[in-house]
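sequence and predicted structure, then a few things I'm wondering about:
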Amino acid sequence: MDAFNNFLTGTITLFSDPMGVLIFFGGVIGGMLFGAIPGVSMLTLAAILLPFTAHLSPEHGIMLFSVIYCTGVYGGAITAILFNIPGAPENAPTAFDGYPMTLKGQAGKAVGAAVMCSALGGTVSTIIMMLATAAIADWAISAFGPPEIFALVFFGLAVAASVGAKTFWKGWLSILAGLMVAVVGLDPVGGIERYDFEMPYLLAGIHFIPTILGFFAVSEIFVQVEKKVKGDFVAPKISVDFPSLSELIAHKFAVIRSIVIGFFCGILPGIGATLAAFMGYNEAVRWSKTPEEFGKGKLEGVISSETANNAATGAAMIPLLALGLPGGALTAMMVGVFQMHDMEPGPLVFINSADLVWVVFAAMFFANISILFIGFLETKTIINLLRIPFQFLAPMILLLATVGAYAVRGLTIDVIVMFLAGVIGFFLRRSGYSVAGIVLGLILGKIGEQTFAQAMQMLHFEWSGYLDRPIAFGLLVAGVLTLCGSIYGAFFKKNRRPPITSG
Amino acid sequence: MGQLRVGHLVEAGLWLLLCLFLYIYSFDFDKDIEIYKFGASAWPRVIILLMAIAAIGQLFHHWKKGDESSSQIISAATDDGAEEAAHESHHESLKWYASTFGLLVIPFAYMRVPDWIASFLSLEGTSAHVIRIVCAVILAGVFVYYMRRNMVGAMLTLPLFFAALLEDMGFYSIAPFFIIGVMYLFGERRAKPMALVAGLIYGLLMLLFVKILFVGLPIGNIRPFYDIGSWVVTVLQ
């Protein structure tokens, strides 16, 4: 009942504030557009907006990012279905059956299913998030000290590294590169300068905003110039036909299974919406009595992928808000928004800024609902906007990133660092490394080293102290097991081919 | 050699060289901290050790499985098309890398060479500024000359060159050229749309950031760029 009252209060606060409403709808539409336009993604939009959130209140800043997360995951489904060009990686499996449906003249039904299942998956996930996060945060306040947080960071990095890049080793190299970048600057215990190369700029550490902008927004433009994306789409005539009730009931197991898969993928660090969509689709094929029909325009393929990727969004907020640990690139940027307002995400947010949390929850709930309505109205607009050639979008994105990087501290060196990160990100991405892993390492590296130092001081530098702390010990063991499992897989396991189809 | 290629060896070599460099440099801050017995260097050294292990593990993976991914499902989910684009555009040759890194030297040359020349000739004030402008023009000429031979390398270089020029020439003076340059590198060749879009983007950005949000952008240190930047700000505000 408390949760319901808090949700109502959050809803009233959200919709009684004109600025909040403006930011909410800006986030909904912006997330959908950037999710849909090939060559950019919701991460590009989030990276560009990150520096400017300093001018917003913390509520508005976090709410904007959470809304972009919900609608951005849906946005790319439209282009995946209509043009076989997923707007974002998390919509790639949607294209496997969505595009063949378009070829069969069933585009309206495929888009309708995507709209409906995205809204359904996201809404259910948000409701579970609202019920679970506060309870986990309450428990975490008493149960989580520095040893537990360090152990959780270790476990999170172990999972993220195992699934984040093309190979297990590249996943770890990406994470470790991020951890190394986080080392630059003053050490958290003694304030000793590390890797500053006698440059005053590096004393404060490499700022995460230019780094994030470079890795996500700039490197994306560089990748696109290599692909030479042309925005010369021929806009098809499109209508949105929602699947009938009987069709939905016929796919109820696919929807429930995808919600469960999406939710658990979202809650585990480093997995997120993309892998959720692939796993949701993969399981749909495995459980199907007619797996041979997948990839040829089967509605269940679209339903499974779109339900799973949106179900991951609400779940991803649980470790961020309850424990202060981001699980993916966008939630790592949300940590940046918190830090810019001198706040730390984590269980204390529920005590110190309960209003913020419930406004964000309400915004996520309504963002998922709005996919139903705005998704229906926006589809035609998005198709027309896709006519804007990418050569005209690219300079705009680069200049927005330039202004964003410069505006943080008024230093042109931040702009140089951003473009340098873009160049490095470009080379790493084309070699199968994960830029999201680097950013996760950068954000978690600072938390990890600080909590490790505090934990060791607390435990009087006795490693056996972890044995007396069951949660920390359990998380360390889980991290080590994840690591061992991945190493075993990397060395000894043959690459079994799961039934993933490319349409 | 298993399935190893030269590129795999270079990749592992670069990681191991980086580890070696970072390890040697860690002695610079290998100091004791009274309340923390591990000191300031233990954490980075553990990361370096793990990086070296992962680089060797990656080499072993390449030797055993070539470019195969660990798992098809993970590979599909993490594939953003960057690798495929690199492969399809044949931008994997040593010649392409040499040409790209050659182009990337240009912005860094601008950050250092004018200072060296000014210091060598003991120039200060306006004369030093003239040297900076001359260097910028020469380097821009070199960039334009080599740009057509390696468009992707040029695209990587242009934003860095733009960033290197920002402090001296200001955002307001060079942003229009940057917009046109990016459009050109993306394949746009029609003069009229380029001019129109450049004007539109520049106008929108000025309106949003200078007129509405009052964001202070670099106006430049060198005349006449400083005067142009100041004029734009005065007109808009």
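Cool, the structure landed.

so what's A:K109 scoring on pLDDT?
At A:K109, the pLDDT value in this model is 83.

what's the burial count for it?
Number of residues near A:K109 (other Cβ atoms under 10 Å in any protein chain shown) recorded here: 24. Placement of C-beta: from N, CA and C, glycine included.

thought A:M32 was touching A:G72?
Yes. With contact defined as Cβ atoms under 8 Å, A:M32 reaches A:G72; the gap is 7.2 Å.

could you check whether the helix or strand containing A:G425 is close to chain B?
Secondary structure assigned from DSSP states H and E places A:G425 in helix A:412-429. Yes. Counting by Cβ under 8 Å from any Cβ of the partner chain, chain B is contacted by helix A:412-429 at A:412, A:415-416, A:418-420, A:422-423, A:426, A:429.

and that helix, which residues are buried?
Across helix A:412-429, burial judged by 16 or more other Cβ atoms under 10 Å in any protein chain shown covers A:412-429.

so who does A:E193 touch?
Contacts for A:E193 (Cβ atoms under 8 Å, 6 or more residues apart in numbering or on different chains) come out as A:185-186, A:203, B:29.

packing partners for the helix holding A:G425?
Contacts defined by 3 or more Cβ pairs under 8 Å, 6 or more residues apart in numbering or on different chains; DSSP states H and E place helix A:412-429 against helix A:208-212, helix A:219-227, helix A:390-409, helix A:435-458, helix B:82-88, helix B:151-169.

7 Å - rerun?
helix A:208-212, helix A:219-227, helix A:390-409, helix A:435-458, helix B:151-169 (3 or more Cβ pairs under 7 Å, 6 or more residues apart in numbering or on different chains; DSSP states H and E).

residue closest to the middle of chain A?
A:L330 (4.1 Å; Cα atoms, centre = their mean).

if I look at it, how far off is A:W172?
22 Å (Cβ to Cβ, to the nearest Å).

so, low pLDDT: which residues of chain B?
For chain B, residues meeting the criterion pLDDT under 70 lie at B:1-2, B:69-92.

could you measure from the residue most central in space within it over to A:P395?
Chain B has B:L160 as the residue nearest its centroid, 4.7 Å off, counting by Cα atoms, centre = their mean. From B:L160 over to A:P395 the distance is 15 Å, taken as Cβ to Cβ.

in three-state terms, label the closest residue to A:L400 other than its chain neighbours for me.
Closest residue in space to A:L400, ignoring its immediate chain neighbours: A:I48 at 4.8 Å, by Cβ to Cβ, 6 or more residues apart in numbering or on different chains. Local secondary structure at A:I48 is given as helix here, using DSSP: H, G, I helix; E, B strand; the rest coil.

walk me through the domains of chain B.
Per automatic domain parsing, the structural domains of chain B span B:6-79, B:98-236.

roughly how far is the longest one from the heart of the chain?
Distance of domain B:98-236 from the chain centroid (Cα atoms, centre = their mean, to the nearest Å) equals 14 Å.

end to end on it, go ahead and measure it.
Domain B:98-236 stretches 44 Å from its first residue to its last (Cα to Cα, to the nearest Å).

look through the chain and tell me its longest helix.
You didn't say which chain, so I picked chain A. As assigned by DSSP state H, the longest helix anywhere in chain A is helix A:107-143.

that answer is for a different chain, and I need it for chain B
helix B:94-120.

now that one and helix A:412-429, what's the angle there?
160 degrees (axes from the mean of the first three to the mean of the last three Cα atoms, to 10 degrees).

downstream of helix B:94-120, the next helix or strand is which one?
By DSSP H and E, the next helix or strand past helix B:94-120 is helix B:125-147.

tell me the contacts of whatever residue of the stretch 351-500 of chain A ends up closest to chain B?
Using Cβ to the nearest Cβ, the closest approach of the stretch 351-500 of chain A to chain B is made by A:Q391 at 3.5 Å. A:Q391 sits next to B:183, B:186-188 when contact means Cβ atoms under 7 Å, 6 or more residues apart in numbering or on different chains.

do that again at 8 Å, thanks
With Cβ under 8 Å, 6+ apart, A:Q391 has these contacts: B:182-183, B:186-188.
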